[in-house]
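Enquirer: missing the sequence, but the structure's below:
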């Protein structure tokens, strides 16, 4: 168990600059993801009490527009754009208690629905760095596993065969390894494995959730969410799981980290005063405290 | 902002007493309509300190094992992915998604041995708010009983539903939403509150054209109401009479109008509840309690289904159970419920305000093949605070897998009887109203 109130006060001002607030409506948000080389940001947004849809925020003009037009009454969450810009994916609520992964060929304007038997929902889709496949989480007959499918919907295959709940895959830039979370050790921990599902390594070890790992564009770091200090906060660690640093602190929720393509910024959905907005955090070049001394490893 | 129907507008402006009571409460009808004993009357008066009840109705069936009754030592296919955290009460743990409530469970008591008798939403929903099955007779909602006992509080109706609509699943709404055998006069008055704190009164949609900005003149309002009245057919006249009165009262009484105006709250207070429909509804509930409304039911959602087209994120997590609890439901509940408790304590309202949080059932401790959880009526939780409820207690215990209570099961009928008792509706009054027959008080709370 982790005692509450173990928030390390010196971490509060760890970021080099005050985070920049990108939205101001305070509406519940989720799943931010940079597109167009960092010029745009797509994210899920509670447009109504009964509708979550995806918006694209133009970071140059500050204007937002629907990223997936004509959604009707279907919730859309977890949007992604392929690295080559030719495909987008989203998790779409297609019926009662049912959600499917949709992969859209943007050039041909053609949608492919990735189906599994029965009810259920796909989770956390992510494109491979070569834009040829999408990896996602799904529970078909038991523990939730990671799956992989071609962008044309063919060659669907199960990547993992492990106990517990697996979720939130993220690729290293070379496409050789997948970082993800799994709950087999009584709570979500972060693991790394080869893209074919072999050579698994555990990167975190505590009694509290470590979720939504996202590999940095240069492959050297992982941003993730954890409740290890009481509330939902965002942390960064080296790709091997060492040198864990807190980007945020406190009980107000900070979640859904997403790397800017420049590798020096992370956008986070932060709840401040009960309002949810997107904040852009500048990453420090090294692990240092505000006083300039090296930051101690807070443990994995 | 207050809105009417589709319209919105800015608004500026030995034999212990306990054991005796348990016996008496359990057999009110066995006692018949006979005279209550002095002890009964005194006890009822002492217990009847709840001026208002706020029921947080967690519609859809929240997973008990993933929230307030975690089982970290259960097998992997039961315990789920969440870690646990200590609470203010030594030895009691919640899951990691409820850090604020974990720091406040010295302010409330938790029951871990709730049991109901129906595994479907409408049926269990009716049992959850009436104590009885839907057929052959629809019994009155707990709120309707309190409403009949207390009557109107000035211009304001005595029983409010805060939410988007009458709780339902996709096929139908619950039968036990309102007055039941007491009559439609004791149905709840529905008010919705958006994430921004905009208040709407959807039942007044028939009054299109009437907005708060246009009702400064009472005579004008009456004229408009009369005009609207003339457009109705006979079948809607009865509803109209009730709505007419409520509309007039709500829209012209300054106290009532103020109660709906969340902009009168300090920004910090509004923020503390969170910018969510549920959070702002909890704040509205506190304001209604503050002006003496006897019973306010805050509905988490209209629909049970958590992920369905046009669904409003109920607790029925047949899919995405773990994801939605951690992404949405628990953080929202943790913040809003904690703020409500703090607010009531800070204002000295806890002495005479009863707060209850519960759903219609729990969820299967065994994880489904879809990595989620199904309906489970055999064990779930409820939370109680204020109005004489002893805080900091954990009542009842579930087995090692949270499948069944190890202790005496506690039913929705007992919950309703306890609510009634704390509102001063003692055994005699219940017998006279012919409600909550056979119900007993949850003495461990008191």
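Expert: That came in fine, so what should we check first? This structure is a prediction, so every number in the text was calculated from the model and none was measured.
Enquirer: Skip the chain neighbours and tell me the closest residue to the residue nearest the centre of chain B.
Expert: In chain B, the centroid-proximal residue (C-alpha atoms, centre = their mean) is residue B:55; its distance is 2.3 Å. Nearest non-adjacent residue to residue B:55, counting by C-beta to C-beta, 6 or more residues apart in numbering or on different chains: residue B:297, 4.5 Å away. Bear in mind the C-beta positions are built from the backbone N, C-alpha and C, glycine included.
Enquirer: Now do the contacts for that neighbour.
Expert: B:55, B:57, B:129, B:141, B:143, B:159-163, B:188 (C-beta atoms under 8 Å, 6 or more residues apart in numbering or on different chains).
Enquirer: what's around the closest residue to chain A within the stretch 1-150 of chain B, how many residues?
Expert: Closest contact between the stretch 1-150 of chain B and chain A, by C-beta to the nearest C-beta, is at residue B:81 (3.2 Å). Residues near residue B:81, counting by other C-beta atoms under 10 Å in any protein chain shown, number 30.
Enquirer: in terms of contact, does residue A:253 touch residue A:273 like I think?
Expert: No - with contact defined as C-beta atoms under 8 Å, residue A:253 does not count as touching residue A:273 (11.6 Å).
Enquirer: Spell out which parts of the stretch 201-350 of chain B neighbour chain A.
Expert: With the criterion set to C-beta under 8 Å from any C-beta of the partner chain, the stretch 201-350 of chain B comes near chain A through B:267-268, B:270-277, B:279, B:303, B:305-313, B:316, B:318-320, B:322-323, B:326-328, B:331, B:335.
Enquirer: So for residue A:253 and residue A:273, which sits in the more crowded spot?
Expert: Taking neighbours as other C-beta under 10 Å, residue A:253 and residue A:273 compare with residue A:253 leading, 25 against 14.
Enquirer: Could you measure from the more buried one over to chain B?
Expert: Separation of residue A:253 from chain B (C-beta to the nearest C-beta, to the nearest Å): 6 Å.
Enquirer: That residue and residue B:102, how far apart?
Expert: Residue A:253 sits 15 Å away from residue B:102, going by C-beta to C-beta, to the nearest Å.
Enquirer: and if you look at residue A:176?
Expert: To residue B:102, residue A:176 is 41 Å away according to C-beta to C-beta.
Enquirer: These two: which is more packed in?
Expert: Neighbour count, other C-beta under 10 Å: between residue A:176 and residue B:102, residue B:102 has more, with 24 against 13.
Enquirer: My read is that residue B:81 contacts residue A:210, right?
Expert: No - between residue B:81 and residue A:210 there is no contact under C-beta under 8 Å: 10.9 Å.
Enquirer: hey, what's in contact with both of these two?
Expert: Common contact partners of residue B:81 and residue A:210 (C-beta under 8 Å, 6+ apart): residue A:188.
Enquirer: related to what we said a few turns ago, so what's the residue nearest to the centre of chain B up against?
Expert: The contact partners of residue B:55, taken as C-beta under 8 Å, 6+ apart, are B:129, B:142-143, B:295-298, B:356-358, B:419.
Enquirer: could I get those residues as CSV with pLDDT, distance to residue A:196 and secondary structure?
Expert: Shown next, in CSV, are those (pLDDT from 0 to 100; distance: C-beta to C-beta, whole Å; DSSP: H, G, I helix; E, B strand; the rest coil):
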residue, pLDDT, distance to residue A:196, secondary structure
B:129, 98, 53, helix
B:142, 98, 58, helix
B:143, 98, 58, helix
B:295, 98, 60, strand
B:296, 98, 57, strand
B:297, 98, 53, strand
B:298, 98, 50, strand
B:356, 98, 52, strand
B:357, 98, 47, strand
B:358, 98, 47, strand
B:419, 98, 58, helix
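Enquirer: any idea which of those is closest to residue B:375?
Expert: When the contacts of residue B:55 are ranked by distance to residue B:375 (C-beta to C-beta), residue B:358 comes first, at 14.9 Å.
Enquirer: what about that closest one, how many neighbours?
Expert: Neighbour count of residue B:358, defined by other C-beta under 10 Å: 22.
Enquirer: Show me the beta-bridge partners of the closest residue to it other than its chain neighbours.
Expert: Sequence neighbours aside, residue B:382 is the residue nearest to residue B:358 in space, at 3.7 Å (criterion: C-beta to C-beta, 6+ apart). Judged by DSSP bridges, the bridge partners of residue B:382 are residue B:111, residue B:358.
Enquirer: list the contacts for the nearest residue to residue A:252 once chain neighbours are set aside?
Expert: In space, and not counting its chain neighbours, residue A:252 is closest to residue A:271: 5.0 Å by C-beta to C-beta, 6+ apart. Contact partners of residue A:271, counting by C-beta under 8 Å, 6+ apart, are A:252-254, B:274, B:331.
Enquirer: Just the buried ones from those?
Expert: The neighbour-count test (16 or more other C-beta atoms under 10 Å in any protein chain shown) marks A:252-254, B:274, B:331 as buried among those.
Enquirer: Need these in a markdown table (columns: secondary structure and pLDDT).
Expert: Formatted as a markdown table, the buried ones among the contacts of residue A:271 follow (DSSP: H, G, I helix; E, B strand; the rest coil; pLDDT from 0 to 100):
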| residue | secondary structure | pLDDT |
| --- | --- | --- |
| A:252 | coil | 94 |
| A:253 | coil | 96 |
| A:254 | strand | 97 |
| B:274 | coil | 96 |
| B:331 | helix | 97 |
